[in-house]
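Colleague: How does the following fold in three dimensions:
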Amino acid sequence: MRPFSRRRRPAAPDTPASRRRVPMRLLLPVLLLTALVAMLMLRGYVHSEILADHRIRPEAASDKVPEEIIDGGPVIDTRNGGTSSLKVPDHRLVLTFDDGPDPKWTPKVLDVLKKHDAHAVFFITGTMASRYPDLVKRMVDEGHEIGLHTFNHPDLSYQSKKRIDWELTQNQLALGGAAGIRTSLFRPPYSSFADAMDNKSWPVTQYIGSRGYITVVNNTDSEDWRKPGVDEIIRRATPHGGKGAIVLMHDSGGDRHQTVQALDRFLPTLKAEGYSFDNLTEALGAPSAHTPVTGLDLWKGVAWIFLVQASEGITGVLVAGLAVVGTLVIGRFLLMLLLSAAHARRVRRRGFTWGPNAPVTEPVSVLVPAYNEAKCIENTVRSLMTSDHPIEIIVIDDGSTDGTARIVEAMGLPGVRVVRQLNAGKPAALNRGIANARYDLIVMMDGDTVFEPATVGELVQPFADPTVGAVAGNAKVGNKDTLIGAWQHIEYVMGFNLDRRMYDVLRCMPTIPGAVGAFRRSALERVGGMSDDTLAEDTDITMALHRDGWKVVYAEKARAWTEAPESVQQLWSQRYRWSYGTMQAIWKHRRAVVEKGPSGRFGRVGLPLVSLFMVVAPLLAPLIDVFLLYGVVFGPTQKTLVAWLGVLAVQAVCAAYAFRLDRERMTHLLSLPLQQILYRQLMYVVLLQSWITALTGGRLRWQKLRRTGVVGAPGGSGHPLTDRSPAV
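Modeller: Numbering: from 1, shown residues only. Next up, the predicted model:
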């Protein structure tokens, strides 16, 4: 496709305010990307993938721990500088569950406790409470007590006071948001009996007390985390001689079905022996450990829970999107490989002809719409003069201001006509050319493109089939020696021409490239000629022909060499227009989905494929890179890299096959990994901007790209020569 400007208006003065203003089309993608990164970081934090510390300190000496603590009970109070401990009275059992809440096992534990009218203490982590706040609220509503177990479950003996404060504050924040309360109970991760307190954990316990918390360890460990069996869990959880105990169990951290089964037997058995199952404060006859949270602290907690739930939902959608794009990418690659191979076998088999009227030898009208193509037009016209098929050449000058028309007229070449018009845009220029064309077969090309001698002849051979209304040629990048050019070269060979082979087989080719395409005049007239309803007039006309019942095919030997944008800004402008124009064309022809006949077939086959492969998949494709970066930084690094390299390998296979079909040198594929990382992000932002423009009802004008004239007339090798001196 080639950009043509509509009639220009004077530019607004370049004021300091206008220079400082960030365009909305840039601001919205940046804000969206920032929000996406923030959501991923938040998810990583609440899943203990970011800022988590999984170190566990080995045992240390205990000579600095007071004897009354080592020999005392499991409830340790170091508040207000004191040092004391408490034991649970006889025939009182305090069941404690660590590491939850868990969406699978915590409800089962709560159900068993409710069934047997028992209370317990749940030492929750902030990460799990943030993710499953409803379970925390259920615990409180059913009369259970809550204790803190830190936010990310680190060994606090390794942490600074600042980190300890952070763990406590964030844990309380999650609890406040989930249930509207605070708690004064705390259990350190990796804690055990009181006599296991050592010189590393004791200072932490003292500091925890200075922050107003009572430390609760245990004196009866069910060791359910080992999964020793239901009978063994019950045996270990049962105290001796009717003594009171704080029993350690877990409702999270793995498969807890043995814990649930043991609990269902343990509770009625010990109740029959005279035990009661109480909260800790109930067992000690102390005031409740819970206090309500109000005011700003409550709203902070609610906001935190909302953000975490939003991050969970958004990342869930992203994961689903990743699955979708993975399926689309792999599915598209498989389709391209299979169907392009079938296309190549069909058109390359010995004795192949396009139809009963082969070969096509009738003269052809070649239309060259041009707006300010002074640097390119001479090379374009001279390449046509070498054509081995009879042609007439019509250059339609669309109000150029650089002398494009004069250059062509000064060449004085036979069979070349110049038609002048006021600047009205490319569709109007093409329609003007069609009106002036003498022949029924019409070839259209861009003013910066050069043809090989055989291009026109190869391009019109499919018209031997009277049902063919249009033919797509093989557009190639002529200036592929730069990095941006090489990336576009890969895209043209793999993404465009391999696609066209696939769409040819499926009979739903979406676009005749503006650089090299041919049409039957009668087909153009039946659909009303070129339309300016969209910015992708080539896609628009192709879809219109499909709906009118014409076949659109791909001629691989009809090669044309075009000048691709050589700067990021120029590439951005071009692809922005392409993306937006394609969306416009899809929307314009949307009724084909419900129509009958050829239009309905294209609407139910072609439009969904074009929408999925050209709009949805490119928009979601960066999710691969987002999760790649996330996985490399936060893990699992090895699996992430293997998955990404697997996708890249599939792309490399497709690209290599496409290059082999087009007989291109494989050396350009060396830049494929970099293209996938950088080029795809640029295309993503372009597509996102196109979506924003479409959804906000914006109008995108034609944009004229600056040309250098680097692509010259083809030489004897069939490849374009380069001549950077402008035509005069």
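
Colleague: May I have the secondary structure class of residue 96?
Modeller: Secondary structure assignment for residue 96 (DSSP: H, G, I helix; E, B strand; the rest coil): strand.

Colleague: who does it bridge with?
Modeller: Legend: beta-bridge partners of residue 96 under DSSP bridges are residue 121, residue 248.

Colleague: That one contacts residue 124, correct?
Modeller: No. The pair residue 96 / residue 124 is not scored as a contact, 11.1 Å apart, by CB atoms under 8 Å. C-beta here means a position set from N, CA and C on the backbone, and glycine is covered the same way.

Colleague: Now the common contact residues for these two.
Modeller: Residues touching both residue 96 and residue 124 (CB atoms under 8 Å, 6 or more residues apart in numbering) are residue 147.

Colleague: Neighbour count for those two, which is higher?
Modeller: The neighbour comparison of residue 96 against residue 124 (other CB atoms under 10 Å) goes to residue 124, with 34 against 26.

Colleague: Identify the residue nearest residue 536 in space, chain neighbours excluded?
Modeller: residue 581 (2.7 Å; CB to CB, 6 or more residues apart in numbering).

Colleague: Residue 41 and residue 685, how far apart?
Modeller: 21 Å (CB to CB, to the nearest Å).

Colleague: And stretch 330-341, what's buried?
Modeller: 332-333, 335-337, 339-340 (16 or more other CB atoms under 10 Å).

Colleague: With stretch 527-540 instead?
Modeller: 527, 529-530, 532, 534-540.

Colleague: Contacts for that stretch, please.
Modeller: 1, 425-428, 430-431, 434, 510-514, 517, 524, 541, 544-545, 547-548, 577-578, 580-582, 584-585, 588-589, 700, 702.

Colleague: can we see that at 6 Å?
Modeller: When contacts are defined by CB atoms under 6 Å, 6 or more residues apart in numbering, stretch 527-540 is touched by residues 1, 425, 427, 430-431, 510-512, 514, 541, 544, 548, 577, 580-582, 584-585, 588.

Colleague: next one: stretch 81-101
Modeller: Contacts of stretch 81-101 (CB under 6 Å, 6+ apart): 66, 69, 72-73, 75-77, 106, 120-124, 128, 132, 135, 149, 242-253, 274-277, 280, 283.

Colleague: and residue 594, how many neighbours?
Modeller: By other CB under 10 Å, the burial measure for residue 594, its neighbour count, is 10.

Colleague: I'd like to know how far it sits from residue 546.
Modeller: 15 Å.

Colleague: Could you do residue 552 as well?
Modeller: Residue 552 is 6 Å from residue 546, by CB to CB.

Colleague: sorry, back to before: with secondary structure as new columns, can the buried residues of stretch 527-540 be given to me in TSV?
Modeller: Listed next are the buried residues of stretch 527-540 as TSV, based on three-state DSSP:
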residue	secondary structure
527	coil
529	coil
530	coil
532	coil
534	coil
535	coil
536	coil
537	helix
538	helix
539	helix
540	helix
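
Colleague: Among those, which pair sits farthest apart?
Modeller: Greatest spatial distance among these (CB to CB): 527 and 535, at 18.1 Å.

Colleague: Among residue 41 and residue 685, which residue is more densely surrounded?
Modeller: residue 685 (19 against 15).

Colleague: Send me stretch 478-489 as CSV with only the CA atoms.
Modeller: Taking Å, rounded to 0.1, in the frame of the first residue of the first chain, the C-alpha atoms of stretch 478-489 are listed here in CSV:
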residue,chain,number,x,y,z
GLY,A,478,14.4,-3.4,-2.3
ASN,A,479,16.3,-1.6,0.4
LYS,A,480,16.9,-4.5,2.8
ASP,A,481,20.6,-3.7,3.7
THR,A,482,19.6,-1.7,6.9
LEU,A,483,18.4,-3.4,10.1
ILE,A,484,14.9,-1.9,9.7
GLY,A,485,14.9,-2.9,6.0
ALA,A,486,16.0,-6.5,6.9
TRP,A,487,13.2,-6.8,9.5
GLN,A,488,10.7,-5.6,6.9
HIS,A,489,12.2,-8.0,4.4
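
Colleague: Next, the buried residues of it.
Modeller: 478-480, 484-489.

Colleague: State the mean pLDDT of it.
Modeller: Average pLDDT, stretch 478-489: 83.

Colleague: ranges for the strands of the stretch 401-550 of the chain?
Modeller: Assigned strands in the stretch 401-550 of the chain, in chain order: 416-421, 441-444, 449-451, 468-477, 517-520 (criterion: DSSP state E, counting those that start in this stretch).

Colleague: Burial-wise, tell me which of the ones you listed comes out on top.
Modeller: Mean neighbour count, computed with mean count of other CB atoms under 10 Å, is highest for strand 449-451 among the strands of the stretch 401-550 of the chain, reaching a mean of 28.

Colleague: What is the distance between it and the centre of its chain?
Modeller: Put simply, strand 449-451 sits 37 Å off its chain's centre (CA atoms, centre = their mean, to the nearest Å).

Colleague: And stretch 93-100, by the same measure?
Modeller: With CA atoms, centre = their mean, you get 41 Å for stretch 93-100.

Colleague: now the buried residues of stretch 527-540 in JSON lines, with distance to residue 629 and pLDDT?
Modeller: Shown next, in JSON lines, are the buried residues of stretch 527-540 (distance: CB to CB, whole Å; pLDDT from 0 to 100):
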{"residue": "527", "distance to residue 629": "46", "pLDDT": "95"}
{"residue": "529", "distance to residue 629": "48", "pLDDT": "94"}
{"residue": "530", "distance to residue 629": "44", "pLDDT": "94"}
{"residue": "532", "distance to residue 629": "42", "pLDDT": "90"}
{"residue": "534", "distance to residue 629": "36", "pLDDT": "88"}
{"residue": "535", "distance to residue 629": "33", "pLDDT": "86"}
{"residue": "536", "distance to residue 629": "33", "pLDDT": "88"}
{"residue": "537", "distance to residue 629": "39", "pLDDT": "92"}
{"residue": "538", "distance to residue 629": "36", "pLDDT": "93"}
{"residue": "539", "distance to residue 629": "33", "pLDDT": "94"}
{"residue": "540", "distance to residue 629": "38", "pLDDT": "95"}
